Each structure stands twice: as C-alpha cells, then as structure tokens.
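1. how would this look folded up:
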Amino acid sequence: MTAAEPRTGPHRIDVSGGCPHARNARLLQEDPVARVVMPGDVEGFVVLGHHALREFLTHPDVAKSPRHFTALQEGRVPDGWPLTTFATVPGMTTADGADHRRLRQLVGSTFTPRRLENLRPRVHTMLTQLLDGLRTVADAHEGVVDLRQHFALPLPMGVICHLLGVDDAHARRLHQLSSLIVDTGLAAEEVRRVNGEMAALLAELAAARAADPGEDLTSALIAIRDEDGDRLSPEELIGTMLLLIVAGHETTLNLITNAVRALCAHPDQLALVQGGEATWSDVVEETLRWDSPVSYFPFRYATRELTLDGSDTPIPAGMPVLAGYSAAGRDPEAHGPDADRFDLTRTEATRHLSLGHGAHFCLGAPLARMEATLALEALFTRFPDLTLAVPEEEIERHPGFVGNSVHRLLVRL
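-> The predicted model follows:
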C-alpha cells in the first residue's frame, strides 16, 4: 500500500444512527479521514480527527455550495435522498464567500451579546414554568418524566419561535418535521413529503408575518426581501427560516439531553458542580466535546484533491464530506489518552470543534451556550437528586447519523 492509497474500503454509515463513539474510535485508529457510503449508495468522506477537521473547516480549497457536489450535478444522487435538504437548501450553510457573508449579516444582529442578554429574563421565566410542569408530569407518572420531551425540547423551541415571531401553536409540528429532516433513514417518498410539508408551512408562516409584521427576525427578513431581492431572495428567506428553526433547537435539545445524561452517569462530576469546584459552563463545554450534539454534519466539498495533515486518505474534488464532530471530540491526538472520559476538570488547551470553526462557525453558539447553562443550573437546583429512571444501556438512541442523542430520557425527579 502506498501513502496515497486509502487503508480500507469505504465504511457504510448506519442510517439508523446509534451511538457513534465505538465506530469513531475504530475508524480513527486507521486514519483521521475515512471513505464512507451514505444512504442511496452515495459515496463520500468523513473527517474524524480533530486536527484534520480543524484544517478542513478553514481550508481555502473547501466549499459549501452544491455546485461543487459532482454526483448531484451529474444527476447521480437518488430522487428523495434523505440528505438532499442539507445539500441544497438556499442559505448560509450552502453558500460561500460574499453570498455567505451577505446571508450571515442579515441575521447576525439577532445573536449579539446585548440581544442575548435581553433574552435572559424570558429564558428564566420559561425555565420556571417548565420545571413546575416537570413536577406535575412526574407526579402523574410515579415520579418519572421524559426530560427530553418536557424540558430539553420546549426551551430552545420556545426561544427560537419567539425570535422568529412564530406562534407557539406551530412549535410541535415544526419540531416533528425538523426531526424527520435530520432522520437519515427515511424512505424517498417520506423525504419528499416531509420536505414539501416543511416548505409549505414555512411559506405560510412567512405570509402571516408579512400580513402582520412585528419586532421579530422573520418580519425583518421579509422587509429586506421586499425592499431588495438582491439582498435576500424568496428562496433564501425560506431556507434561512428552515436553518434557524432546525439548527436553532435540535442542537440545543441534544446538548441539554446529553449533558443531563452525562451528569446522571457520572455523579462524581455532578458533585463537583454542586460543590462549587466546577461550573455549569464547564458542563456545557465538556458535553459539547465528549458527546457532541451533532455527529456527522453535511456537507463540504474539496474543490481540488486534498490530503489533510496526518492522513493517508486523499479527498477527491467534488465528493461530499461530512464533518465528524463526535469523533473529533474524543480524538486522543487532541484530547489525550483519556479523551473518552467525561471530566469537568480538564485543563488541556485544545478546544472542541462541536460548534464549528472558521467562517461557518455556528452563529447561534452563544445562544445555545446560554440556554444550556441556565437550563442545567435551574434543573439541578430544583431537583438536586435527579437520576436516570432506566439503566443506561436500555436508553434508545435517536434515529439518524447527523444528530447525536437519545430518543427519550426518562428520569426520576
């Protein structure tokens, strides 16, 4: 085998998801870059190693636009492919250069430190209501409650709906459709139905804001669209709304769920926080590293053949590449030989990449961090003896390989 040859054949990604960490560790032992086969027999790559991923995310010869996706442009991607939305939705995640900067600037003012600080009282009020509701639900079910459904979900969903000016009555359906969009195991017919229904619902919500504008982001974007279509097209408006709704709650939902699960499984680490030897912010950052809310994020494309530092696996131009955030978070090359240990006292300088890196760093990262930090502190202050209600090994994983979390988190308050 020469240095330019991949070490193994392609790894077929399990469309049902499951826990990624054991598979990531096996692949990382071979190379920080792996050839993969995705749903529909679409070939691609995943960058798993921390250092390789950091390089890849800022490489000048890596793009986000689907015009660089060779198989898509040549019509070799199946109709109803479950990852079509990630590859093609018009918006920040599929734009490069000036177009990316233009779209990012349109929503950037929503996530400034001042705007987020003004949002803090609303988050506190929501948390108080949710915690009261947890006790009510638990009392009706012998002390057990699904923390994901009744706490981790409604907080970020409520916040993003507030920012977008979306009526709470639509929140449940938006979450259901979002969960299906990130489910990589859907059949083609279901993919087409879900994408069509989400587009129609977002168009309906946009029309409602256009008819009755308010002090919200959707109304502001509609005003920009109507004033200057070169700054925001109708398709980009819907794509931006889709991105903000899906990314604005799914990742924070997973982050809060994963953090509670980690603390319940590591009571010694929870004791450090409750004893003042670590902070809730430490919990959020270590959870982002140790159990990233996103496992493999689609897509980037090399515009020429690339071989990343430390890898023997070249990435050809035009191939879709997944960012392996869950793998990079536990890469021993970056985080030491105990990278798979949940430890709030870590002192190494290497920071995780779970919220991205470079020009496409997650715009909502400060909001996600604030929501998760406040949520965890409020939860464990109200219920300091909270524990898992089922054994760890019996917890069902959430479907799909994009998101990384569990389907339900049953706890005893």
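2. give me the neighbour count for E215.
-> 7 (other Cβ atoms under 10 Å). (C-beta placed from N, C-alpha, C; glycine too.)
3. if I look at it, how far off is D385?
-> In this view, E215 and D385 are 41 Å apart by Cβ to Cβ, to the nearest Å.
4. what ranges do the strands span in the chain?
-> Assigned by DSSP state E, the strands in the chain fall at 11-12, 33-38, 42-47, 62-63, 144-146, 296-302, 320-324, 387-388, 410-412.
5. centre of the chain versus stretch 188-199, how much separation?
-> 20 Å (Cα atoms, centre = their mean, to the nearest Å).
6. C-alpha coordinates for it, CSV please?
-> Output in CSV follows, covering the C-alpha atoms of stretch 188-199 (Å, rounded to 0.1, in the frame of the first residue of the first chain):
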residue,chain,number,x,y,z
ALA,A,188,-37.6,8.5,-0.5
GLU,A,189,-41.4,9.1,-0.5
GLU,A,190,-41.4,10.2,3.1
VAL,A,191,-38.4,12.5,2.4
ARG,A,192,-40.4,14.2,-0.4
ARG,A,193,-43.5,14.5,1.8
VAL,A,194,-41.6,16.0,4.7
ASN,A,195,-39.6,18.5,2.7
GLY,A,196,-42.8,19.6,0.9
GLU,A,197,-44.8,20.0,4.1
MET,A,198,-42.0,21.9,5.8
ALA,A,199,-41.6,24.3,2.8
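7. so which of the strands of the chain is the most surrounded?
-> strand 320-324 (a mean of 26; mean count of other Cβ atoms under 10 Å).
8. other SSEs contacting that one?
-> Taking 3 or more Cβ pairs under 8 Å, 6 or more residues apart in numbering; DSSP states H and E as contact, the helices and strands that strand 320-324 lies on are strand 42-47, helix 50-57, strand 296-302.
9. repeat the analysis, applying 10 Å as the threshold.
-> Applying 3 or more Cβ pairs under 10 Å, 6 or more residues apart in numbering; DSSP states H and E, we find strand 320-324 packed against helix 21-30, strand 33-38, strand 42-47, helix 50-57, helix 70-73, helix 84-88, strand 296-302.
10. list the strands paired with that strand, with their directions.
-> Next to strand 320-324 in the sheet, as set by DSSP bridges, lie strand 42-47 (parallel), strand 296-302 (antiparallel).
11. now render these as CSV, adding mean pLDDT.
-> Shown next, in CSV, are those (pLDDT from 0 to 100):
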stretch, mean pLDDT
strand 42-47, 98
strand 296-302, 97
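12. quick one, which of the ones you listed is nearest to P66?
-> Smallest distance to P66 across the strands paired with strand 320-324 (Cβ to Cβ): 7.9 Å, for strand 296-302.
13. what angle separates that closest one from helix 21-30?
-> Put simply, strand 296-302 runs at 30 degrees to helix 21-30, going by axes from the mean of the first three to the mean of the last three Cα atoms, to 10 degrees.
14. got the angle for strand 296-302 vs strand 33-38?
-> Going by the same axes, to 10 degrees, strand 296-302 makes 110 degrees with strand 33-38.
15. for strand 296-302, output the C-alpha coordinates as CSV.
-> Only the C-alpha atoms of strand 296-302 are listed here, as CSV (Å, rounded to 0.1, in the frame of the first residue of the first chain):
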residue,chain,number,x,y,z
TYR,A,296,-21.6,13.9,11.2
PHE,A,297,-22.7,17.2,9.7
PRO,A,298,-23.3,17.5,5.9
PHE,A,299,-21.7,18.9,3.6
ARG,A,300,-18.5,20.4,2.4
TYR,A,301,-16.6,19.7,-0.9
ALA,A,302,-13.0,19.9,-1.8
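16. now that strand, how far from the centre of its chain.
-> On Cα atoms, centre = their mean, the centre of strand 296-302 falls 13 Å from that of its chain.
17. list the contacts of the spatially closest residue to A378 that is not a sequence neighbour.
-> Setting aside the residues directly before and after it, A378 is nearest to L127 in space (Cβ to Cβ, 6 or more residues apart in numbering), at 4.4 Å. The contact partners of L127, by Cβ atoms under 10 Å, 6 or more residues apart in numbering, come to F151, L155, E371, L374, A375, E377, A378, L379, R382.
18. among those, which one is most surrounded by other residues?
-> Counting by other Cβ under 10 Å, top hit in these: E371 with 30 neighbours.
19. from L253, how far out is that one?
-> E371 is 10 Å from L253, where distance means Cβ to Cβ.
20. give the residues shared as contacts by the two.
-> Common neighbours of E371 and L253, counting by Cβ under 10 Å, 6+ apart, are A152, L155, P156.
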